[in-house]
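*Asks:* coordinates for the following, if possible.
(one chain, ligands or ions: 1)
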Amino acid sequence: MTEAAIEIEGLTKTYRATGGAPGKTALDGVSLRVPEGAVFGLLGPNGAGKSTLINILAGLVLKTSGRVAIWGFDQDVNPRNSRAAIGVMPQELNLDPFFTPRQTLEVQAGLYGVPRARRRSDEILETVGLSDKAHAYARTLSGGMRRRLLLAKALVHDPQIIVLDEPTAGVDIELRQMLWAEVRRLNAAGKTIILTTHYLEEAEEMCDEIAIIHHGRVVAHDTTPKLLARLDAKTMVIHPDGEVPVLPSGPGLEVARRPDGAIALSYKTSQTKAEAVLEAIRAAGISIRDVRTEEPDLEDVFLDLTRAG
Ligand SMILES: Nc1ncnc2c1ncn2[C@@H]1O[C@H](COP(=O)(O)OP(=O)(O)OP(=O)(O)O)[C@@H](O)[C@H]1O
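*Replies:* As a prediction, the model looks like this:
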């Protein structure tokens, strides 16, 4: 088994009641292991507890109970080392408006105790495409540029683990591509990546492993292919040659007409073989002009797990 980049055991967080608002349990016994070198997706509906979890990892929110170890360092025993091993690109675009990108990175490097000789501010600005803005005030940067700068900030102390909290929410295609290319590059260089996203297609494409959080609990955690295999559902879509007065039928088959004239036959791959589906089509006297299959995607898995409640 690969080493764990992050190990979380029985993590809970209850925000205290304030000014009339009741207390809120945002994390309710979360246990997770993020393997070294993974691109790990943290998914969940709004309010599921993702930001709370990330903020605890980043040392910005205090947990109520449980254990968190980052790069082998227990947060309670070794807070400095565990903080040094992780860099977080937050969701909010909060930057000091009077610092230039270069100053921002230098200040961040100072906070993390990176010696001058080992600072790479110019190189990092180049990587995120901000070299020409190195000396512009942060308040003059566009939203996309601020996001690039936040990523740059997360990289300053060269952490082993990089957390990106919804990095591509509301960004244009060019920036999204740059961010994903950067994630791939960092991962190829050996970094462990944790990201939250609302774009399930992206999680499906980018992540080796995915955990789905719902109401502060982990409701699923698996490799992406295994998570997708869970639904065990397939749909065969055929375009018939000619009229189809009677739809095919058979055990375990759900059959429907589509508006474009296609016929969709859904079945569970564990119970029904494709051959049996084809047999049902032939038995109904249908000749097939065209056929394709549809498999469930992450969105189906996600909805299946989070729909109830
Ligand atoms: N500082 C706080 N005080 C009280 N409750 C909070 C606080 N921060 C978050 N919560 C509550 O904890 C729960 C989890 O919030 P969190 O922000 O972690 O969810 P999330 O999964 O990141 O959601 P989103 O995708 O919308 O960012 C929510 O019910 C939220 O209202």
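*Asks:* rest of the way, CA atoms for contacts and neighbours
*Replies:* Noted.
*Asks:* let me see the mean pLDDT of the longest helix seen in the chain.
*Replies:* Secondary structure of the chain read by DSSP state H shows that its longest helix is helix 173-188. pLDDT averaged over helix 173-188 equals 91, rounded to a whole number.
*Asks:* roughly how far out does it sit from the chain middle?
*Replies:* Here the centre of mass of C-alpha atoms in helix 173-188, compared against the chain's by C-alpha atoms, centre = their mean, to the nearest Å, lies 14 Å away.
*Asks:* excluding its backbone neighbours, what's nearest the residue of the stretch 201-309 of the chain found nearest the ligand?
*Replies:* When you check the stretch 201-309 of the chain against the ligand by C-alpha to the nearest ligand atom, the closest residue turns out to be Gly216, at 7.1 Å. Counting by C-alpha to C-alpha, 6 or more residues apart in numbering, Leu27 is the residue found nearest to Gly216 once chain neighbours are left out, at 4.0 Å.
*Asks:* next, that neighbour: phi, psi?
*Replies:* With angles defined as degrees, to the nearest 10, Leu27 shows backbone torsions of phi -130, psi 130.
*Asks:* for the worst-scoring helix or strand of the chain on mean pLDDT, name the packing helices and strands.
*Replies:* The helix or strand of the chain with the lowest confidence, counting by mean pLDDT, DSSP states H and E, is helix 298-306 at a mean of 78. The contact analysis (3 or more C-alpha pairs under 8 Å, 6 or more residues apart in numbering; DSSP states H and E) places helix 298-306 against helix 200-206, helix 224-229.
*Asks:* report the buried residues of it.
*Replies:* 298, 301-302, 305-306 (16 or more other C-alpha atoms under 10 Å).
*Asks:* stretch 148-157 too?
*Replies:* By 16+ other C-alpha under 10 Å, the buried positions in stretch 148-157 come out as 148-157.
*Asks:* so where is this structure shaky, pLDDT-wise?
*Replies:* Scanning the chain for pLDDT under 70 picks out 1, 308-309.
*Asks:* re earlier: pretty sure the residue of the stretch 201-309 of the chain closest to the ligand contacts Thr14?
*Replies:* No - the pair Gly216 / Thr14 is not scored as a contact, 10.1 Å apart, by C-alpha atoms under 8 Å.
*Asks:* give the residues shared as contacts by these two.
*Replies:* Overlap between the neighbourhoods of Gly216 and Thr14 consists of 25-27, taking contacts as C-alpha atoms under 8 Å, 6 or more residues apart in numbering.
*Asks:* put the buried members of those into a ChimeraX selection.
*Replies:* Command for ChimeraX that selects the buried part of these, burial taken from 16+ other C-alpha under 10 Å:
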select :26,27
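*Asks:* so which bits of the protein are right by the ligand?
*Replies:* Contact residues, the chain versus the ligand (C-alpha under 6 Å from any ligand atom): 15, 24, 26, 44-52.
*Asks:* quick one, which of those are buried?
*Replies:* Under a neighbour-count criterion of 16+ other C-alpha under 10 Å, the subset of the residues of the chain next to the ligand counted as buried comprises 15, 26, 44-45, 48-52.
*Asks:* strands - which of those land there?
*Replies:* For those, membership in strands holds for 15, 26, with DSSP state E as the criterion.
*Asks:* ok, back up a step: with neighbour numbers in mind, choose between Gly216 and Thr14.
*Replies:* A direct count of neighbours by other C-alpha atoms under 10 Å for Gly216 and Thr14 places Gly216 higher, at 23 against 15.
*Asks:* how about the more buried one, what does it touch?
*Replies:* Neighbour list for Gly216: 25-30, 48-49 [criterion: C-alpha under 8 Å, 6+ apart].
*Asks:* among those, which two are most distant?
*Replies:* Gly29 and Ala48 (13.0 Å; C-alpha to C-alpha).
*Asks:* can you show me the helices along this protein?
*Replies:* Remark: helices assigned in the chain by DSSP H are 50-57, 79-84, 101-111, 121-127, 143-155, 173-188, 200-206, 224-229, 274-283, 298-306.
*Asks:* which elements pack onto the third one?
*Replies:* Yep, that's helix 101-111 we're talking about. Using 3+ C-alpha pairs under 8 Å, 6+ apart, helix 101-111 is in contact with helix 121-127, helix 143-155.
*Asks:* and Glu182, how many neighbours?
*Replies:* Counted with other C-alpha under 10 Å, residues neighbouring Glu182 total 15.
*Asks:* what of Glu294?
*Replies:* Counted with other C-alpha under 10 Å, the burial measure for Glu294 works out to 13 neighbours.
*Asks:* where's the residue lying closest to it once chain neighbours are set aside relative to Thr224, distance?
*Replies:* Closest residue to Glu294 in three dimensions, ignoring its sequence neighbours and counting by C-alpha to C-alpha, 6+ apart: Thr235, at 5.0 Å. From Thr235 across to Thr224, the span is 20 Å (C-alpha to C-alpha, to the nearest Å).
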